[in-house]
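Visitor: generate coordinates for the sequence data below:
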Amino acid sequence: MKALNREVIDYFKEHVNPGFLEYRKSVTAGG
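Guide: Numbers count the residues shown, from 1 in each chain. Next up, the predicted model:
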C-alpha cells in the first residue's frame, strides 16, 4: 500500500500540482 501511495503522490506532484498552482495563482490574481 505504501508503494502505491508513493506512486500516487509522485503522479500528483508531477501532473496535478503544476496545473493546480497555476489555477490558484489565476484565481488569486483575478479575485
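Visitor: which helix or strand contains Phe20?
Guide: helix 17-30 (DSSP states H and E).
Visitor: output the below-cut-off pLDDT ranges for the chain.
Guide: Scanning the chain for pLDDT under 70 picks out 17-18, 30-31.
Visitor: residues near Tyr23, how many?
Guide: Look at Tyr23: counted by other Cβ atoms under 10 Å, it has 10 neighbours. Placement of C-beta: from N, CA and C, glycine included.
Visitor: against Phe12, how distant is it?
Guide: Using Cβ to Cβ, to the nearest Å, we find Tyr23 at a distance of 14 Å from Phe12.
Visitor: cool, and Arg24?
Guide: 15 Å.
Visitor: again with Leu21
Guide: Distance from Leu21 to Phe12, by Cβ to Cβ: 12 Å.
Visitor: how many neighbouring residues does Arg6 have?
Guide: 10.
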